[in-house]
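Asks: compute the structure for the input listed below.
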Amino acid sequence: MWPRIGGLRTLALGTPGELRNNLNTLVLAGVKTATAGLLTEYAEENEDLERVGERLVVVDDDGALVTVVEVTGVDVVRFADVPWDFARSEGEGDRSIEEWRAGHSGYWARVGTPVTDDTEIVCVRFRLAGAGDDGILGT
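Replies: I've put the predicted structure just below:
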């Protein structure tokens, strides 16, 4: 299972270090409003897919709260079928769907999970919901 904070699932973007810091900064700036994951990771961790309206705690390398986001959309699609409008909403500066696919394919290969065109990708869209200091976490 994925860690929880205040009863909410956590969202640790990318890998620890510079990548995660950069992605978290993009979320806080409202530039990154989506993230992609591998469907197989959900099965391996015995986790359900996110659902619209669910709140997630974005965390830093230490597992500490950075902000809270609210899920606005969830789709499962083949890697080859991830749409450009979704890829662009990840806010990572890709200039085309081909560039997005190359970058994500390389990332998943580096972390030990190479993808093919048929790999199922969970496309999660979200919006900023707050930093958690206004009772969002219920703590």
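
Asks: where's Ile121, which helix or strand?
Replies: Mapping Ile121 onto the secondary structure by DSSP states H and E places it in strand 120-130.

Asks: ok, residues contacting that strand?
Replies: Counting by CB atoms under 8 Å, 6 or more residues apart in numbering, the neighbours of strand 120-130 from elsewhere in the structure are 27-28, 30, 33-40, 42, 49-50, 55-56, 67-79, 82, 86, 89, 115, 136. C-beta: built from backbone N, CA, C; applies to glycine.

Asks: next step: these restricted to strands.
Replies: Among the contacts of strand 120-130, the residues falling in strands (DSSP state E) are 34-38, 55-56, 67-78.

Asks: show me the beta-bridge partners of Thr67.
Replies: Judged by DSSP bridges, the bridge partners of Thr67 are Val58.

Asks: what lies in contact with the longest helix belonging to the chain?
Replies: With DSSP state H setting the assignment, residue counts place helix 97-110 as the longest helix in the chain. Counting by CB under 8 Å, 6+ apart, the neighbours of helix 97-110 from elsewhere in the structure are 14, 36, 38, 79-80, 82-84, 87-88, 90, 92, 94, 114-115.

Asks: may I ask which two of the residues you listed are separated the most?
Replies: Arg88 and Pro114 (24.0 Å; CB to CB).

Asks: looking at these two, which is more packed in?
Replies: Arg88 (17 against 11; other CB atoms under 10 Å).

Asks: my read is that that one contacts Asp94, right?
Replies: Yes: with contact defined as CB atoms under 8 Å, Arg88 counts as touching Asp94 (7.1 Å).

Asks: tell me the bridge partners for the residue nearest the centre of the chain.
Replies: For the chain, the residue nearest the mean C-alpha position is Thr35 (3.3 Å; CA atoms, centre = their mean). Assessed by DSSP bridges, Thr35 has beta-bridge partners Val124.

Asks: now it: how far from Gly93?
Replies: Shown here: Thr35 relative to Gly93, a distance of 15 Å by CB to CB, to the nearest Å.

Asks: buried sites along the strand holding Ile121?
Replies: Residues of strand 120-130 classed as buried: Ile121, Val122, Cys123, Val124, Arg125, Phe126, Leu128, Ala129 (neighbour count, 16 or more other CB atoms under 10 Å).

Asks: no further queries at this time; thank you.
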